[in-house]
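1. Give me a model of this one.
(chains A, B, C and D)
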2 protein chains.
Amino acid sequence: MPSPQPPAGRPTSKDVAKHAGVSQSTVSLVLAEKWRGRVSPATVEAVRDAASALGYRPNSSARSLRLGRTHTVMLVVPVLTSPFFGAVHTGAAQVAAERDFGVVVYPTRDGVDLTPNPFSSAAIDGVLASSMAAEPLDVLRSAGPGTEDLPLVMLDSEPGRGVPTVNDDVADGMRTLAEYLVGLGHRRVARLRSAVQTWTFRARDTAFRTALGPAEVVAEAIAPLTLEGGREAALTLLASPARPTVLVCDDDLQAAGAYKAARALGRRVPEDVSVTGFGDLRYARVVEPELTTVRLPAVELGARGMTALLDLLDTGDAGPDVVLPGELLVRGSTAPPASG
Amino acid sequence: MPSPQPPAGRPTSKDVAKHAGVSQSTVSLVLAEKWRGRVSPATVEAVRDAASALGYRPNSSARSLRLGRTHTVMLVVPVLTSPFFGAVHTGAAQVAAERDFGVVVYPTRDGVDLTPNPFSSAAIDGVLASSMAAEPLDVLRSAGPGTEDLPLVMLDSEPGRGVPTVNDDVADGMRTLAEYLVGLGHRRVARLRSAVQTWTFRARDTAFRTALGPAEVVAEAIAPLTLEGGREAALTLLASPARPTVLVCDDDLQAAGAYKAARALGRRVPEDVSVTGFGDLRYARVVEPELTTVRLPAVELGARGMTALLDLLDTGDAGPDVVLPGELLVRGSTAPPASG
DNA sequence: CATCCCACGTCATACGTATGACTCTCAGCC
DNA sequence: GGCTGAGAGTCATACGTATGACGTGGGATG
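-> Numbers count the residues shown, from 1 in each chain, chains lettered A, B, ... in the order given. All right, here's what the predicted structure looks like:
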């Protein structure tokens, strides 16, 4: 019995109903698994058969309209080419998929932040936003009227500002690193800091300086988180008259740049100068010697952030702020200072 | 005159209409810029004022339902932690944003391809899919009934199969590389190939072998596109009795692994053995010496792919298949073979 | 003065789903 | 035999937008 399909479009629940000989409401009830005590098992089966026979997939726009839920959230991150944020996305997307949510990524342009209204076309239930150059809250607030009330969870952002946060414990990581270096005998430290000064970077620096104890920062520079930026700044730092014995960078890629500077100056790593990174990005093990760094659990950061956001959407409560521990990874780029 | 807002939800076009003293249809016409000859300029202004006063933003679910368009597309890529696909996403997202489309990313799990039906919750107008381990078309076709007709553009996939494609000209890149190496005097080549054999990788290998001329492949191995994979496979290749003078890798990260193998065997790059990569990922300039490789325009690949897809959605025609030229980047990892 | 048209809007409906309120049938019970 | 109640479904409506089909009032035209 070939059933002609004049409209030729995607089948709707009404088509399924006709095919199964029931009403559209019944189809809806069955497919939503809400038929206990309302529909007989035989009918349930008939509806399911009809649905799969027609290849029915519910129209999500209609569903969203009815339920007021789009089942899509936005992830705001600096550009995805960074392996760190790629990993954050991976974790977030995985959790979202498990809970039947889609993720649309909104990349801020290299820290320049959001264009006026990124929410124009996207239908969004909530936002998971990573740290940004400007104060993220203000940016989101000003993203146009109507956005003020979007459920929001922040990553790597200052806690206690009325927004749920999920953070790496960068302070602890930096503290551990400082203690390790001091233990090796280093006393004169050069700091290569990030040019973009979000909260998480300020937190790193404060924690590091506080934990230095007998050592001190004798030279400091600021550079973008790039290979070139790291190289150029390191050239200056390594030539500093204060003769630092270790170069502590805010980022692994910067540290890789520092390697190049050291080579250019004829200084060996770690014999003549130690170098440390931050993040344990893939670069850390590409360079030679492999880089001593602090691992940040990027995948888990994204996963926990997404979990908090979806909990917030479902229950109205994101749960307590989360802080994920880092881990000091000692590799070949650090050694006791040269005795000279 | 304070207007009470009992429903407290987001304002709708009906609210705007009431506020401006017109009908909902008029609001819709004005905001869609379709009022030429139907609404007086004064009324237009009144509507606009009311809209911005209330902070009205159209409900995109309702709009999608009415128009049958979600203004969202899905980007299917292997996991985003790869800088290559991160760049593809960047290009794609940028073009999409310009044309007021959102992008939701569906990451295939390390080449294991799609789970049964990734389209369940997402409302999608089309798919931009990168090369996958299995034949992508089959995978998409089997992603559940109702997906067969989704507009689709493929990246780095075999042209001429009835689906629009946007490709890197990997064949030309490999050919240029082969000619360069032969020109340097290399005759005995080792090949480190990708473990996942998508079309684009097979195309690389074919083109390379065809262009070798007087040289020949004397050793070959297959490895995943990772640092470890590259290192282990390279250990074997470099120890080959056939004594290759150059190691041609399918990927920059593999090549970085090969550096480690060379170092472990006491072979210098490029004095004792030349090494080449593919892709010009960020690793290429991190390693020392910097890597001779073929640049693939990943950002543009994503951008052109998205352009083709959106054209397909708008006009029903994606335009002709696109092939983007690669570029040989000669750096420090290649030299004439040692005279021994 | 009847006609036509134009400028300015409004009406009504459809998109596909979910769900509270309702109907109908029949078994069980006093 | 009349009443209750549960079981099995259906009805009707709302979500917010876009748009083709209709007014409506007035000025120009024959």
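
2. going forward, measure contacts and count neighbours with C-alpha atoms only.
-> Fine.

3. Output the lowest mean pLDDT helix or strand found in chain A.
-> helix A:136-141 (a mean of 58; mean pLDDT, DSSP states H and E).

4. what pLDDT, on average, does stretch A:50-59 get?
-> Average pLDDT, stretch A:50-59: 91.

5. Just checking that stretch against chain B, any contact.
-> Yes - for stretch A:50-59 and chain B, the contact criterion (CA under 8 Å from any CA of the partner chain) is met by A:G55, A:Y56, A:R57, A:N59.

6. pLDDT on the helix ranked longest in chain A, on average?
-> The helix spanning the most residues in chain A, taking DSSP state H as the definition, is helix A:298-315. Averaged over helix A:298-315, pLDDT sits at 95.

7. Stretch A:104-119 now?
-> The model assigns stretch A:104-119 a mean pLDDT of 57.

8. pretty sure A:D125 contacts A:V153?
-> No - at 11.9 Å, A:D125 does not count as touching A:V153 under the criterion of CA atoms under 8 Å.

9. and those two? which has more neighbours close in?
-> A:V153 (25 against 19; other CA atoms under 10 Å in any protein chain shown).

10. can you list contacts of the strand or helix carrying that one?
-> For A:V153, the element it lies in under DSSP states H and E is strand A:152-155. Strand A:152-155 is contacted from outside by A:126-131, A:163-167, A:301, A:305, A:308-309, using CA atoms under 8 Å, 6 or more residues apart in numbering or on different chains.

11. next one: stretch A:262-273
-> A:234-235, A:238, A:244-247, A:259, A:275, A:289, A:332-335, A:337-338.

12. buried ones in it?
-> Residues of stretch A:262-273 classed as buried by neighbour count (16 or more other CA atoms under 10 Å in any protein chain shown): A:A262, A:R267, A:V269, A:P270, A:D272, A:V273.

13. returning to that earlier point: and the next element down the chain from the longest helix of chain A?
-> strand A:322-324.

14. Could you look up the next helix or strand downstream of that following strand?
-> strand A:327-329.

15. name the helices or strands packed onto that next one?
-> helix A:170-184, strand A:293-295 (3 or more CA pairs under 8 Å, 6 or more residues apart in numbering or on different chains; DSSP states H and E).

16. pLDDT averaged over it, what's the number?
-> For strand A:327-329, the per-residue pLDDT averages 96.

17. Among the contacts of strand A:152-155, find me the one that's closest to A:L227.
-> Each of those was scored against A:L227 by CA to CA, and A:S131 proved nearest at 21.4 Å.

18. Looks like that closest one contacts A:S157 (just checking).
-> Yes - using CA under 8 Å, A:S131 is in contact with A:S157, at 5.6 Å.

19. So which residues of chain A form strands?
-> A:72-78, A:102-108, A:126-129, A:152-155, A:165-168, A:188-194, A:216-223, A:246-249, A:274-276, A:293-295, A:322-324, A:327-329 (DSSP state E).

20. Point to the residue nearest the middle of chain A.
-> Closest residue to the average C-alpha location of chain A: A:V88 at 3.4 Å, with CA atoms, centre = their mean.

21. if we can go back for a sec, mind putting the residues of stretch A:50-59 next to chain B in a markdown table, neighbour count included?
-> Listed next are the residues of stretch A:50-59 next to chain B as a markdown table, based on neighbours: other CA atoms under 10 Å in any protein chain shown:
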| residue | neighbour count |
| --- | --- |
| A:G55 | 17 |
| A:Y56 | 19 |
| A:R57 | 19 |
| A:N59 | 18 |
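
22. ok, and of these, which contact DNA strand C?
-> On the criterion CA under 7 Å from any atom of the strand, A:R57, A:N59 are the entries of these that sit beside DNA strand C.

23. Which residues are in contact with the closest residue to DNA strand C within the stretch 201-340 of chain A?
-> Closest contact between the stretch 201-340 of chain A and DNA strand C, by CA to the nearest atom of the strand, is at A:D314 (13.6 Å). Contacts for A:D314 (CA under 8 Å, 6+ apart) come out as none.

24. before we move on, back to that, now the longest helix of chain A, how far from the chain's geometric center?
-> Taking CA atoms, centre = their mean, to the nearest Å, one finds the center of helix A:298-315 at 11 Å from the center of the full chain.
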